[in-house]
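Engineer: Fold the stuff below for me.
(one chain, ligands or ions: 2)
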Amino acid sequence: TLHDRLAATFRDLRGKGRLSDADIDATAREIRVALLEADVALPVVKAFIAAVKERARGAEVSQALNPAQQVVKIVNDELVRILGGETRRLRFAKNPPTVVMLAGLQGAGKTTLAGKLALWLREQGHQPLLVAADLQRPNAVNQLQVVGERAGVSVYAPEPGNGVGDPVAVARGSLEHARAKQYDVVVVDTAGRLGIDADLMQQAADIRDAVQPDEVLFVLDAMIGQDAVVTAQAFLDGVGFDGVVLTKLDGDARGGAALSVAQLTGRSVMFASNGEKLQDFDVFHPERMASRILGMGDVLTLIEQAEKTFDAEQSAKMAGKLQSGEDFTLDDFLAQMQAVRKMGSFGKILGMLPGMGQFREQIDNLDERELDRVTAIIQSMTPAERAAPKILNGSRRARIARGSGTKVSDVNGLVDRFAEAQKMMRSLAGGGGMPGMPGMPG
Ligand code: GDP
Ligand code: MG
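Structural biologist: Ligands and ions are numbered 1, 2, ... in the order given. The predicted model follows:
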């Protein structure tokens, strides 16, 4: 999966002090394959990779993040940017009613969305009116009426027994009705076809001309993958649209369609549907979609916390030390532990890092009281002892135990664990160091 691929890539990068061109290229290759597998369209993948490479090369080496985290952040930032940054809000007309028209293929979720939008608008104090301008399928009007009833809003539909209805006339009539009855938002449901065809586009364009919508929303089934690009382009050319609504995000689609359409059409994704019920609906959140595409939500949360909390100077000092092959001391050990503690629960934080699975057991066995004890012991040592724990003979250990209110066996345990951590840090330093990573007691 995408997550596995990226995790593997970032595991390879872990331990490098600086992003080299080779690192960036290797990472870019993995991300490229992964995005293609997530159904992102090829031209979008190319543009995306180019942007990420450029940013990675130009990026100052972060003091707060290790190189692996830094690459994840660059990839994520770029995804969020393309997905539209801040969510765009629905534009309301100065003179009501605001007209929202829904367009998209049959089965995309337009009629369901009409109900969701109506409920959402009603909850915000609006008086929406749903308009049944899909007269293509026998049951379409009835379906909208059911949805409207559930949402508790009125539906404007052709009179029954009116023969074959004219959707353009219905749409036009709905505006007069809305003005007369003081509805302030009109949501026009339209017909779709299974594929793109000229009649469908013409009908949608005629409805658009009749109602002059403030917003045309293109409704897109997130599950259609690569076809999203062709469909979106056809609707952009045939009807035009201002925003995109992604539906069926409760399925296992990885979100590649969102990235493709946002990039190729330059239109923001505005809403997201994630289920058949009226409540399964929200404004679109680019960060959430980015982490869905990356499959690394937890890691992104961690990066945010790390950036906020980490003492950059401390980290830089550590990186320099590891790179120069200087020894990892008990002072470093303590500083790292305190930095990590500031970030939150030790185990939770470390467990989120890719590649940290191997330390899982140690992490799980470490509790907060243990951290307090370790801190007290180290603080009871002299600077010379912290720098060179080798000099810790029996009488020094006894003094430290007294000073820290612990037992000599606790001091011995810490010295042993530190020796292990030191060994680990040395082996990492062989690969260039791992700035920002804590020493690992336990
Ligand atoms: P339309 O042809 O564009 O009007 O699409 P419909 O609103 O009739 O929806 C087609 C099918 O998709 C229906 O069975 C809906 O219940 C279902 N559907 C719509 N939106 C979602 C969604 O977000 N998630 C899921 N799982 N199903 C949806
Ligand atoms: Mg429909």
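
Engineer: Those residues of this structure touching ligand 2, which are they?
Structural biologist: K110, T111 (C-beta under 5 Å from the ion). Placement of C-beta: from N, CA and C, glycine included.

Engineer: let's go with 8 Å and repeat that
Structural biologist: Within the chain, the positions near ligand 2 by C-beta under 8 Å from the ion are 106, 110-112, 114, 134, 137, 140, 143-144, 189-192.

Engineer: In PyMOL, select just the buried ones from the residues you listed.
Structural biologist: A single PyMOL command selects the buried members of those (16 or more other C-beta atoms under 10 Å):
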select buried, resi 106+110+111+112+114+134+140+143+144+189+190+191+192
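
Engineer: what about stretch 243-259 and ligand 1, any contact?
Structural biologist: Yes. Applying C-beta under 6 Å from any ligand atom, one finds stretch 243-259 in contact with ligand 1 at T247, K248, D250.

Engineer: are any of these buried, and which?
Structural biologist: Those of these that meet the buried threshold are T247, K248, by 16+ other C-beta under 10 Å.

Engineer: Show me this protein divided up by domain.
Structural biologist: Using automatic domain parsing, the domain parsing of the chain gives 1-87, 98-284, 310-442.

Engineer: where in the stretch 201-350 of the chain is pLDDT low?
Structural biologist: Per-residue confidence for the stretch 201-350 of the chain (pLDDT under 70) gives these ranges: 295-303, 305-327, 336-350.

Engineer: Identify the residue spatially nearest to the residue in the stretch 201-350 of the chain that ligand 2 sits nearest to, adjacent ones excluded.
Structural biologist: Distance from ligand 2 to each residue of the stretch 201-350 of the chain (C-beta to the ion) is smallest for V219, at 9.3 Å. Nearest residue to V219 in three dimensions, chain neighbours excluded: G104, at 3.5 Å (C-beta to C-beta, 6 or more residues apart in numbering).

Engineer: got a list of what that neighbour touches?
Structural biologist: Listed by C-beta atoms under 8 Å, 6 or more residues apart in numbering, the contact set of G104 reads K110, G192, F218, V219, L220, D221, T231, F235.

Engineer: hang on, the earlier thing: now, the residues of the chain next to ligand 2 that are in helices?
Structural biologist: Using DSSP state H, the members of the residues of the chain next to ligand 2 that fall in helices are K110, T111, T112, A114, A140, Q143, L144.

Engineer: Between those, which sits nearest L264?
Structural biologist: Within these, distances to L264 taken as C-beta to C-beta reach their minimum at K110, with 21.2 Å.

Engineer: separation between the closest one and I82?
Structural biologist: Applying C-beta to C-beta, to the nearest Å, the value for K110 to I82 is 25 Å.
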